[in-house]
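S.K.: no letters, just coordinates:
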């Protein structure tokens, strides 16, 4: 794991200078190619944070493909088995952007050669089984192989955050815990996946409840130092 410590800004203003295509900047699907520097902290004050986070997406081993097809509850359980827990929204943000408040883990410009994103979008499977069940089901396994465009953890050495955390943008979406919510709505995903989506540090998707099993959704774990 990596120790993350510093002053986190809860509310950030980031101004896009160049959009991809004619996307609406306020759209949930807007892709920005270049941001103004520096980002502005518009919160009344920064918050000191100190915690540990997995260097790679689960199973947190360099060179292995990250696990997906795992719902929020199972992800929480697998973290707990290691004496860890799912990261919070703010913990993900800070580990990804650093004190510089980068829109992307890699900086202020979108670089698809650095991280695993902007891959062609393939039609989604109608439904998928959880990880272990899918591996034993020939139909599910074949359908997963059809859409799977994951890269091994750490395979993109430039896709690293200011703190040294890999693949926080792209590769697979990551579950985070919304501490201010109640079950079954404590779940959210961040970071983006291999498709042509936002793939930035701050955006969050809260439309999936805790039972969602996504071929593109994985996780990483956090814990106290």
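M.R.: Great, that's in hand. Predicted model only: the values in this text are computed from it and were never measured.
S.K.: please count neighbours and contacts with C-alpha atoms only from this point.
M.R.: OK.
S.K.: what's the spacing between the residue lying farthest from the centre of the chain and residue 218?
M.R.: Farthest-out residue of the chain from its mean C-alpha position, per C-alpha atoms, centre = their mean: residue 138, at 28.6 Å. Distance, residue 138 to residue 218, by C-alpha to C-alpha, to the nearest Å: 21 Å.
S.K.: center of the chain, which residue is that?
M.R.: Central residue of the chain (C-alpha atoms, centre = their mean): residue 191, 2.7 Å from the mean position.
S.K.: check contacts around it.
M.R.: Counting by C-alpha atoms under 8 Å, 6 or more residues apart in numbering, residue 191 touches 168-170, 172-174, 199-204.
S.K.: quick one: pLDDT of it?
M.R.: Per-residue pLDDT puts residue 191 at 97.
S.K.: and it, how far from residue 159?
M.R.: 12 Å.
S.K.: joint contacts of the two?
M.R.: Counting by C-alpha under 8 Å, 6+ apart, the residues touching both residue 191 and residue 159 are 168-169.
S.K.: name the helix or strand of the protein that has the lowest mean pLDDT.
M.R.: Of all helical and strand segments in the chain, the minimum by mean pLDDT, DSSP states H and E falls on strand 16-19, at a mean of 91.
S.K.: show me what the helix or strand following that strand is packed up against.
M.R.: Per DSSP states H and E, the first helix or strand lying C-terminal to strand 16-19 is strand 32-35. Judged by 3 or more C-alpha pairs under 8 Å, 6 or more residues apart in numbering; DSSP states H and E, the packing partners of strand 32-35 are strand 16-19.
S.K.: what comes up buried for the strand it packs on?
M.R.: Using 16 or more other C-alpha atoms under 10 Å as the burial criterion, the residues of strand 16-19 that qualify are 16, 18.
S.K.: same question for stretch 149-157.
M.R.: For stretch 149-157, by 16+ other C-alpha under 10 Å, it's 149-156.
S.K.: any chance of those residues in a markdown table, plus secondary structure?
M.R.: As requested, the buried residues of stretch 149-157 are exported to a markdown table (DSSP: H, G, I helix; E, B strand; the rest coil):
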| residue | secondary structure |
| --- | --- |
| 149 | coil |
| 150 | coil |
| 151 | coil |
| 152 | coil |
| 153 | coil |
| 154 | coil |
| 155 | coil |
| 156 | coil |
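S.K.: closest to residue 15 out of the residues you listed?
M.R.: Checking those against residue 15 with C-alpha to C-alpha, the nearest one is residue 156 at 26.8 Å.
S.K.: number of residues surrounding the residue lying closest to residue 185 once chain neighbours are set aside?
M.R.: Leaving aside its chain neighbours, residue 185 sits nearest to residue 209 (5.4 Å; criterion: C-alpha to C-alpha, 6 or more residues apart in numbering). Other residues near residue 209 come to 15 when the count uses other C-alpha atoms under 10 Å.
S.K.: picking up where we left off before, measure the residue farthest from the centre of the chain to residue 150 for me?
M.R.: Distance from residue 138 to residue 150, by C-alpha to C-alpha: 20 Å.
S.K.: so who does the residue nearest to residue 185 touch?
M.R.: Taking C-alpha under 8 Å, 6+ apart as the test, what residue 209 contacts is 184-188.
S.K.: any idea of the pLDDT on it?
M.R.: For residue 209, the pLDDT comes out at 93.
S.K.: so it, which state does it fall into?
M.R.: Of the three states, residue 209 takes coil under three-state DSSP.
S.K.: from residue 38, how far off is it?
M.R.: 35 Å.
S.K.: before we move on, back to that, what sits up against the least confident helix or strand of the chain?
M.R.: Residues from elsewhere that reach strand 16-19 (C-alpha under 8 Å, 6+ apart): 25, 30-36.
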